[in-house]
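Novice: whatever this is, show me its structure:
(one chain, ligands or ions: 1)
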Amino acid sequence: MINFGIIGLGRIGKIHLSNVQLYCKDAQVLAASHVKPKHQAFLKENGVEIHFATFAEMLKHPGINAVIIASPTAFHYDHILLAAKAGKHIFCEKPIDLAYEKVKTIKETVAAAGIHFMVGFNRRFDPHIQQLKTSIDQGKVGSPRIVKITSRDPAPPPLKFIEHSGGLFLDMAIHDFDMARYLVGDEVVKVNSSGNIFGNLPLAQFDDIDTAVTTLIFKKGCMVQIDNSRYCAYGYDQRLEVFGENGKVATQNILENAVQTSVASGHHTARSKPFFIERYADSYRNILMDFVSTLKNKKASSISAEDGLAALAIAMAAKQSIKENRPISLS
Ligand SMILES: NC(=O)c1ccc[n+]([C@@H]2O[C@H](COP(=O)([O-])OP(=O)(O)OC[C@H]3O[C@@H](n4cnc5c(N)ncnc54)[C@H](O)[C@@H]3O)[C@@H](O)[C@H]2O)c1
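Specialist: Below you'll find the model as predicted:
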């Protein structure tokens with residue numbers, strides 16, 4: 001039995017917790033830490049009866065063999081080091097940390113501790129994206145030459161979140177950078193970004209932007225164009241296209257329903273799924289199931305600390321590219 005302890009019961013922590021309780025066979029969330037009165041009802045509903053004020057206290061519980069770290073990014077580093085020292089397997093939300101050297105330390109620490117470590121790049125576990133990846137791997141369109149990723153949020157998160165999150169590149173686009181590496185199956189050698197602030201939030205004071213276009217050049221020549229926006233008037237926009245010698249393969253937005261109405265004014269469909277929680281619901285379930293399965297079968301984690309480090313390096317280069325108004329080499 002895999003007994004998880006969890007830290008972080010916000011937007012994403014709650015999803016992970018209920019997915020383990022509902023869908024992960026031979027696993028349960030046994031305990032929660034950093035528990036506040038506002039979390040009590042949710043924990044009771046989900047059958048988590050053991051509560052701790054701090055993460056360190058929870059790690060002393062002998063029954064816990066793995067942890068889910070869904071605390072704000074600024075605390076991941078400390079939580080990972082504590083859990084690794086206690087010999088617990090770790091599922092940690094992205095980004096691992098905002099500093100390259102700290103993520104390198106994490107990579108070395110979890111390897112030395114001999115524990116399983118997985119980073120929450122959940123999109124790799126979306127069934128539509130997995131199908132797209134299978135098509136690429138089967139060579140249906142030939143090896144990728146151009147990849148286009150559109151990733152636009154309906155609205156920005158609260159300024160309080162943005163301030164400590166790492167901003168557009170290190171918090172949001174990091175999913176797309178990971179997606180590019182995953183789909184292309186190669187490493188990035190050059191990053192070129194342009195960005196701007198179009199909305200009303202005072203993002204400049206956090207060295208942040210709300211809109212960007214990034215080009216990634218991969219070792220074997222594939223070119224990936226990613227466009228990101230914190231605002232999108234028609235809702236959450238998540239599309240991928242992979243173009244190769246023999247054709248293209250693409251995923252479209254997933255709509256709230258499949259009804260199409262055709263009238264004189266045109267053809268009308270439902271809106272796309274409102275945001276990441278709805279659009280990627282399957283992936284959040286699948287990623288935890290995969291983590292549990294790798295633990296049970298003693299297999300290597302599907303998404304490693306190395307993957308977290310590689311995506312962070314791209315995000316940092318994108319930021320530097322805007323600052324210095326030039327392409328950044330990652331070699
Ligand atoms: N994979 C994804 O799609 C995805 C989506 C959203 C967030 N995230 C990541 O998950 C993490 C949490 O984001 P969120 O949106 O759930 O944030 P949130 O603000 O909704 O929740 C954070 C939780 O951590 C708790 N917390 C605050 N300070 C803490 C501390 N010192 N120690 C422990 N816990 C503390 C808060 O009480 C809250 O319950 C971030 O790293 C974020 O980047 C990933």
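Novice: got the contact list for the closest residue to the ligand within the chain?
Specialist: Going by Cβ to the nearest ligand atom, the ligand is nearest to residue 10 of the chain, at 1.7 Å. Every C-beta, even on glycine, is put in place using the N, C-alpha and C of the backbone. Going by Cβ atoms under 8 Å, 6 or more residues apart in numbering, residue 10 touches 70, 72.
Novice: return the backbone torsion pair for it.
Specialist: Note on residue 10: backbone dihedrals following degrees, to the nearest 10 are phi -100, psi -150.
Novice: where's it relative to residue 123, distance?
Specialist: 19 Å (Cβ to Cβ, to the nearest Å).
Novice: residue 248 - that's part of a strand, no?
Specialist: Yes - counting by DSSP: H, G, I helix; E, B strand; the rest coil, residue 248 is located in a strand.
Novice: what is the burial count for it?
Specialist: When neighbours are counted by other Cβ atoms under 10 Å, residue 248 registers 17.
Novice: interface residues of the chain facing the ligand?
Specialist: By Cβ under 6 Å from any ligand atom, the residues of the chain that approach the ligand are 7-13, 34, 70-73, 75, 93-94, 120, 122, 161, 171, 276.
Novice: show only the entries of those residues found in helices.
Specialist: Using DSSP state H, the subset of those located in helices is 11-13, 73, 75, 161, 276.
Novice: quick one: buried ones out of those?
Specialist: Buried members of these, scored by 16 or more other Cβ atoms under 10 Å, are 12-13, 73, 75, 276.
Novice: widest-spaced pair of those residues?
Specialist: 75 and 276 (20.9 Å; Cβ to Cβ).
Novice: sorry, back to before: how about a markdown table for the buried ones among the ones in helices among the residues of the chain next to the ligand, with pLDDT added?
Specialist: Below are those laid out as a markdown table (pLDDT from 0 to 100):
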| residue | pLDDT |
| --- | --- |
| 12 | 97 |
| 13 | 98 |
| 73 | 97 |
| 75 | 98 |
| 276 | 97 |
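Novice: as TSV, these with distance to residue 3 would be great.
Specialist: Converted to TSV, those look like this (distance: Cβ to Cβ, whole Å):
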residue	distance to residue 3
12	20
13	17
73	25
75	22
276	28
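Novice: residue 276 - nearest residue in space that isn't next to it in sequence?
Specialist: Counting by Cβ to Cβ, 6 or more residues apart in numbering, residue 276 lies nearest to residue 236, which is 7.1 Å off, once chain neighbours are set aside.
Novice: residues touching that neighbour, list them.
Specialist: Here residue 236 is in contact with 152-154, 253, 272-276, 279 (Cβ under 8 Å, 6+ apart).
Novice: mind running it again at 10 Å?
Specialist: By Cβ atoms under 10 Å, 6 or more residues apart in numbering, residue 236 lies in contact with 151-155, 253-254, 271-280.
Novice: ditto for residue 145
Specialist: By Cβ under 10 Å, 6+ apart, the neighbours of residue 145 are 184, 220-223, 242-245, 248.
Novice: one more time with 6 Å, if that's ok
Specialist: Residue 145 makes contact with 243-244 under the criterion Cβ atoms under 6 Å, 6 or more residues apart in numbering.
Novice: quickly find the element holding it.
Specialist: Per DSSP states H and E, residue 145 falls inside strand 144-152.
Novice: and that strand, what's buried?
Specialist: Going by 16+ other Cβ under 10 Å, strand 144-152 has these buried residues: 144-145, 147-152.
Novice: swap in stretch 58-77?
Specialist: 58-59, 61, 64-71, 73, 75-77.
Novice: ditto for stretch 92-107
Specialist: Of all the residues in stretch 92-107, those buried under the rule 16+ other Cβ under 10 Å are 92-98, 102-107.
Novice: and stretch 79-96, by the same measure?
Specialist: So for stretch 79-96, counting by 16+ other Cβ under 10 Å, buried means 79-84, 86, 88-96.
Novice: now do stretch 1-9
Specialist: For stretch 1-9, a neighbour-count test (16+ other Cβ under 10 Å) marks 2-9 as buried.
Novice: including pLDDT, could these go into JSON lines?
Specialist: Listed next are the buried residues of stretch 1-9 as JSON lines, based on pLDDT from 0 to 100:
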{"residue": "2", "pLDDT": "97"}
{"residue": "3", "pLDDT": "98"}
{"residue": "4", "pLDDT": "98"}
{"residue": "5", "pLDDT": "98"}
{"residue": "6", "pLDDT": "98"}
{"residue": "7", "pLDDT": "98"}
{"residue": "8", "pLDDT": "98"}
{"residue": "9", "pLDDT": "97"}
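Novice: strands - which of these land there?
Specialist: In this view, the buried residues of stretch 1-9 that belong to strands under DSSP state E are 2-7.
Novice: may I ask which two of these are separated the most?
Specialist: Pairwise distances across the ones in strands among the buried residues of stretch 1-9 peak at 16.4 Å for 2 and 7 (criterion: Cβ to Cβ).
Novice: the strands in the stretch 1-150 of the chain, which residues?
Specialist: Applying DSSP state E, counting those that start in this stretch to the stretch 1-150 of the chain gives strands spanning 2-7, 27-33, 50-52, 66-69, 89-92, 117-119, 144-152.
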